[in-house]
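S.K.: got a sequence here, can you build the structure:
(4 chains)
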There are 2 protein chains.
Amino acid sequence: MSQLPTLRQLQFLIALSEHGSFSRAAEAVFVTQPTLSAAIKELEMTLGTVLVERGARGAVLTHAGEAVLERAQRVMAEAEDLVIAAQAAGEPLSGPFRLGVIPTIAPFLLPKVLPTLRIKHPKLEVFLREDLTERLFDGLRERRLDAALVALPYESPLIETKSIWSDEFLFACTPDHPLAGSKTLDPSRLENEPLLLLEDGHCLRDHALAACSTGTARSDFAATSLHTLVHMVKSGLGATLLPRMAVDAGLVDQMGLEVMPFDPPVAGREIGVAWRKGSARAEEALQLGEAIRESLTGSGSAGEATG
Amino acid sequence: MSQLPTLRQLQFLIALSEHGSFSRAAEAVFVTQPTLSAAIKELEMTLGTVLVERGARGAVLTHAGEAVLERAQRVMAEAEDLVIAAQAAGEPLSGPFRLGVIPTIAPFLLPKVLPTLRIKHPKLEVFLREDLTERLFDGLRERRLDAALVALPYESPLIETKSIWSDEFLFACTPDHPLAGSKTLDPSRLENEPLLLLEDGHCLRDHALAACSTGTARSDFAATSLHTLVHMVKSGLGATLLPRMAVDAGLVDQMGLEVMPFDPPVAGREIGVAWRKGSARAEEALQLGEAIRESLTGSGSAGEATG
DNA sequence: GCGAAGCCATAGCTATTATCTATGGCATCA
DNA sequence: TGATGCCATAGATAATAGCTATGGCTTCGC
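M.R.: Got it, this is the predicted structure:
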């Protein structure tokens, strides 16, 4: 087998391509120009190909250089992943962990979960980012996030998910609403009932609509958050569906609204954890999901994971 | 950023996992046991994790070790690919090249193409493997092949293809066949005509059936090669479709068979080149396809690529 | 039990090589 | 036509990858 290049050499090549000059690239990787020069030469030697065109005004990669660069970047990324995976495997749920959460989960789940997490995994440093599912998934794919808490199902390429919690939908309306007063509610009674929902982009909107296929969304009003949504309900603009998690967290306390569950089979959404396929922290993402489930069960809320 | 491990260290770890003992692994990579021992220790140091459980009867990877191993293998494979890609980019179409060809193409295309290829790319060493499409694609995926010549369309995961040639189908029958004697043939006249075809697994069988949707395959007889197929036609067992490439190569010479083209739009199959997605020699596979197309055009045969 | 054998770790030395400083040649540009 | 900026080369040095020799620790077989 032919001799392999060094990760160091690949790193140098990447720096060279980024800075377009031996001297500046050398500076960027904290070595002197002759060092980088020699390393690139050595790399060209082991590969048997000229990778760089040296000119008086800097260096440009040859065609072969571009081809090697592309793969070098992959190799380096994989190697860095390996380091992260090793640390994660050696001591799971420790160190910085970038977690994305959708806005219809974050304000209700996190206050309950983070304190427990802090106690159980004191070395874990959770960096939170709140955003819509698709943007969180972009973050996972681009390695800006390690995991995300989202509502399932939500298919997306290169993303893997695992459900950790079932979040039941509750019907919320003003006391003078025709459906007010009942203990439980049959979804069919929502027929032609105009529902207030979150604005487009929030997956809760779609899941709520899917949960009661008979209901229709009011197209003239949409809320930007669950908090504004309940205020709109209170002002008499219509009824809505709320996740039990939000209600349990006190979303409608002292609002004077009627809140009632649906008849079984209960409609709802799955809350799950998501990670990039092949991520170095995939295992940790699963463990985090498990930890969150446990912390929810421990504090005695409703819900049960399915898969 | 944390320090990266060395490719050498990863190679040692892989050897260690394969041999289950420091001493034997060291032997396998041609270093002494203390060298490998120190390297693994250094690797554990940079990763901050114990990767190996040392016992009196050998060494076993820890959980973290297994996780790292998996990624180490990926990194090494990528690095080796980089070397190959560099050589390929530096001097395309040179060195050993493992080419798969399906049986209905190989005997007719290769005698025409290989001599030209040898002249145009004298440093290229083509290693041929003849097999059915699916097995060739397996070979591509498992990196046992660099490219394959197959009939398209043929979808398969992780495989990319490019058409290089159109191979028209011709109708072949005995002189006493009802359809014998015509200059060209309308496909609809094959209705209820029992056709002799290759046995299952040959894509030519499927493509021929697709080409004349009206014809039906004789289910009691199937041939194992185009040569036996024409002999079966000659013995009066039925008519068949043959690729023009095979006819041009003399498949039915001195057989006393009638061979006629179809009316336009002419039915046929696309011959193309296939390679593994992301292969280090993807570019060369394309160039090889181009070279084959040129060599076919140069020798003045029929056909034209579409894309 | 008690050597023998096998395994890994350590110590000390050596060869290699990665890197540095100093310098030279060669373009480009004011 | 210097001045400037760029890369290559030379020589010295520090870092390290590798080797030999050896020791401690199990695990067998007797």
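S.K.: okay, now the closest residue to residue A:20 other than its chain neighbours: neighbour count?
M.R.: Nearest residue to residue A:20, sequence neighbours excluded (Cβ to Cβ, 6 or more residues apart in numbering or on different chains): residue A:58, at 4.7 Å. The C-beta positions use only the backbone N, C-alpha and C, and glycine is treated the same way. Residue A:58 has 16 neighbours, counted by other Cβ atoms under 10 Å in any protein chain shown.
S.K.: quick check: pLDDT value at the closest residue to residue A:268 other than its chain neighbours.
M.R.: Leaving aside its sequence neighbours, residue A:268 sits nearest to residue A:168 (Cβ to Cβ, 6+ apart; 4.1 Å). We note a pLDDT of 87 for residue A:168 in this prediction.
S.K.: so which strand or helix has residue A:168?
M.R.: Residue A:168 is part of strand A:159-173, with elements assigned from DSSP states H and E.
S.K.: count of neighbours near residue A:178?
M.R.: Neighbours of residue A:178 (other Cβ under 10 Å): 9.
S.K.: what does the one 3 residues further on give?
M.R.: Close neighbours of residue A:181, defined as other Cβ under 10 Å, add up to 11.
S.K.: cool, residue A:183 as well?
M.R.: Residue A:183: 7 surrounding residues under other Cβ under 10 Å.
S.K.: can you tell me the element it falls in?
M.R.: For residue A:183, there is no host helix or strand (DSSP H and E).
S.K.: next up, the contacts around it.
M.R.: Listed by Cβ atoms under 8 Å, 6 or more residues apart in numbering or on different chains, the contact partners of residue A:183 are residue A:260.
S.K.: how much space separates it from residue A:254?
M.R.: 22 Å (Cβ to Cβ, to the nearest Å).
S.K.: same check on residue A:112?
M.R.: The gap separating residue A:112 from residue A:254 is 20 Å, by Cβ to Cβ.
S.K.: report pLDDT for residue A:235.
M.R.: Note for residue A:235: predicted pLDDT of 82.
S.K.: count of neighbours near it?
M.R.: If you count neighbours by other Cβ under 10 Å, residue A:235 ends up with 10.
S.K.: quick check: it vs residue A:68, distance?
M.R.: The spacing between residue A:235 and residue A:68, counted by Cβ to Cβ, is 64 Å.
S.K.: next one: residue A:23
M.R.: For residue A:23, the distance to residue A:68 - Cβ to Cβ - is 21 Å.
S.K.: of those two, give the one with the bigger neighbour count.
M.R.: Ranked by neighbour count (other Cβ under 10 Å), residue A:23 and residue A:68 place residue A:68 first, with 29 against 15.
S.K.: is it true that that one touches residue B:86?
M.R.: Yes. Counting by Cβ atoms under 8 Å, residue A:68 touches residue B:86, with 4.8 Å between them.
S.K.: which neighbours do those two share?
M.R.: Common neighbours of residue A:68 and residue B:86, using Cβ under 8 Å, 6+ apart, are A:47, A:49, A:51.
S.K.: which of those fall in helices?
M.R.: residue A:47 (DSSP state H).
S.K.: restrict the shared contacts of residue A:68 and residue B:86 to those near DNA strand C?
M.R.: Among the shared contacts of residue A:68 and residue B:86, no residue lies close to DNA strand C (Cβ under 7 Å from any atom of the strand).
S.K.: contacting residues for the nearest residue to residue A:53 once chain neighbours are set aside?
M.R.: Leaving out its chain neighbours, the residue that sits closest to residue A:53 by Cβ to Cβ, 6+ apart is residue A:60, at 4.8 Å. With contact set as Cβ under 8 Å, 6+ apart, residue A:60 has these partners: A:20, A:52-53.
S.K.: got phi/psi on residue A:60?
M.R.: Dihedral angles of residue A:60 (phi, psi; degrees, to the nearest 10) stand at phi -130, psi 140.
S.K.: so it versus residue A:54, what's the distance?
M.R.: Counting by Cβ to Cβ, the gap from residue A:60 to residue A:54 is 9 Å.
S.K.: ok, residue A:37 - contacts?
M.R.: Neighbouring residues of residue A:37 by Cβ under 8 Å, 6+ apart: A:22, A:26.
S.K.: next, it: secondary structure please.
M.R.: With DSSP: H, G, I helix; E, B strand; the rest coil as the basis, residue A:37 sits in helix.
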